[in-house]
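[1] Build me a structure from this.
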Amino acid sequence: MGGILEGVRVLDFGRYIAGPYCATLLAEFGAEVIRVEKRGGSEDRFVVPVGADGEGALFLQINRNKKCITLDPMKAEGQEVLRRLVARSDVVVANLPPQTLKAMKLDYESLEAVKSDIILTTATAFGGPGPWSDRVGFDGIGQVMSGAVFMTGAGDPPYRAAVAWVDFGTALHCAFGTLAALIERGKSGRGQIVEGALLATALCFTNATLIEQAVIAANRVPTGNLGQTAAPADIYRTKDGWVLCQVTGHPLFVRWARLMGEEDCWLKDPRFSDDLKRGENGPLISQRMARWCAERTTQEAVDTLGGAQIPAGPVLSPQQALDHPHIREAGFMTDVNYPGLPKPAPVARAAVRLSQTPGEIVTRPPTLGEHTDLVLGELGYDAAAIAALRDKGAI
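    Presented below is the predicted three-dimensional model:
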């Protein structure tokens, strides 16, 4: 495929998001990534099914640019295949519980015995050490334990985010850590373990709120979409929809006051002299902004605010997001064909661009076991040996 990571070989035993998307980011910049699945397909292949064979939207998003083999590493023959794979790899990605890694001989001690400079990138729900280190969990666990869900919505009930920001954030951290480990290995020749945790990611993302609580005991409570530390910061109804406006910092507030045509009213009142005071008096500012938005269409509001260099955006449905002219023209997504889909899938590219060595979506996600024979052939298995492995249920 080419790219800045060309020559780096990755075994992807990841499941769902944190592991597979970490490996996807490496693949998008040139690494050779082999996704290893159960013989019947791993669970995450079938989440939110959209394909004729049940392949899911999540799988299509985070498994492009990969090869796929099926393997049962719990069988003796499967273990031999695994050893050969590890011996020619640089990185193993496996966001599986520690006890599962050990049972599959994917723990670092087992991997290091095969290849001394291997890098193991793993992610767990809770990290460690700690009393919950061996427990399993998904994205939502990190959300609810970080304070984020408590502060979302109006408080009764609390709301978790509809997007898996903890999972994707963990994948990003793991990809960053893997690159750092590869750089270190290039200097010292040593491999190491790269460990992410869903709870650690969630706490990282909510850290400013936690710092505020620890230092000054603000004891904040949820206030819906209304911002608490600056204003105007809310979602406002327009004639035909909704708009988010977010003003933080005095220069932006000055622009907003000028746009309202009421500089004296807002800029000379001590209640609105800094961000924190504006946040404390946010309902007053939001009432004014709400009246302004109610007199305009969504397009008129975002165009006027954007022209004044005030951060604003429309609240879009999924279809409206797909149709938005900026999203289309910026090239954030690539149409990818996949067997059994009625139309191409708009797959989001890595959300970072390098001017000289950009990442690329080169190949569609693999069908189940699509490259098993190819990869095993590269490991030295002939057709008869591959057939024997298949008969024994190892692949």
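[2] Point to the residue nearest the middle of this protein.
    Among the residues of the chain, the one closest to the centroid is residue 168, at 1.9 Å (Cα atoms, centre = their mean).
[3] ok, that residue - contacts?
    Contact partners of residue 168, counting by Cβ atoms under 8 Å, 6 or more residues apart in numbering, are 17-18, 21. Where you see a C-beta, it was placed from the backbone N, CA and C, and this is true even at glycine.
[4] can you pick the most crowded of those residues?
    Neighbour counts for those, by other Cβ atoms under 10 Å, peak at residue 18, which reaches 32 neighbours.
[5] is it true that that one touches residue 167?
    Yes. Between residue 18 and residue 167 there is a contact at 5.1 Å, judged by Cβ atoms under 8 Å.
[6] Give me the common contacts of those two.
    With Cβ under 8 Å, 6+ apart, residue 18 and residue 167 have common neighbours residue 198.
[7] What ranges does the stretch 151-300 of the chain have for its strands?
    193-197, 233-237, 242-246 (DSSP state E, counting those that start in this stretch).
[8] got the contact list for the last one?
    Read it as strand 242-246. 225, 227, 230, 232-236, 289, 293, 298, 301-302, 305, 310-315.
[9] follow-up on the earlier one: with distance to residue 43, secondary structure and pLDDT as added columns, please give the contacts of residue 168 in TSV.
    Below are those laid out as TSV (distance: Cβ to Cβ, whole Å; DSSP: H, G, I helix; E, B strand; the rest coil; pLDDT from 0 to 100):
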residue	distance to residue 43	secondary structure	pLDDT
17	12	coil	97
18	14	helix	97
21	15	helix	98
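[10] give me the low-pLDDT residue ranges for the protein?
    Within the chain, the ranges that satisfy pLDDT under 70 run 1.
[11] Longest helix in this structure, by number of residues?
    The helix that spans the most residues within the chain, counting by DSSP state H, is helix 165-188.
[12] quick check: angle from it to strand 193-197?
    Angle of helix 165-188 versus strand 193-197, following axes from the mean of the first three to the mean of the last three Cα atoms, to 10 degrees, is 160 degrees.
[13] how far does helix 165-188 sit from the chain's center?
    On the basis of Cα atoms, centre = their mean, to the nearest Å, helix 165-188 sits 13 Å off its chain's mean C-alpha point.
[14] Point out the most buried one among the strands of the stretch 151-300 of the chain.
    Greatest average neighbour count among those goes to strand 193-197 (a mean of 21), per mean count of other Cβ atoms under 10 Å.
[15] How far does it sit from its chain's centre?
    15 Å.
[16] got the contact list for that strand?
    18, 22, 95, 108, 119-128, 170-171, 173-174, 177-178, 180-181.
[17] 7 Å instead?
    18, 108, 119-127, 170, 173-174, 177-178, 181 (Cβ atoms under 7 Å, 6 or more residues apart in numbering).
[18] Likewise for stretch 320-338?
    51, 55, 60, 64, 316, 344-349, 361, 364-365.
[19] Give me the distance between the two termini of that stretch.
    One end of stretch 320-338 sits 23 Å from the other (Cα to Cα, to the nearest Å).
[20] tell me which residues in that stretch are buried?
    For stretch 320-338, the buried set under the neighbour-count rule, 16 or more other Cβ atoms under 10 Å, comprises 333, 336, 338.
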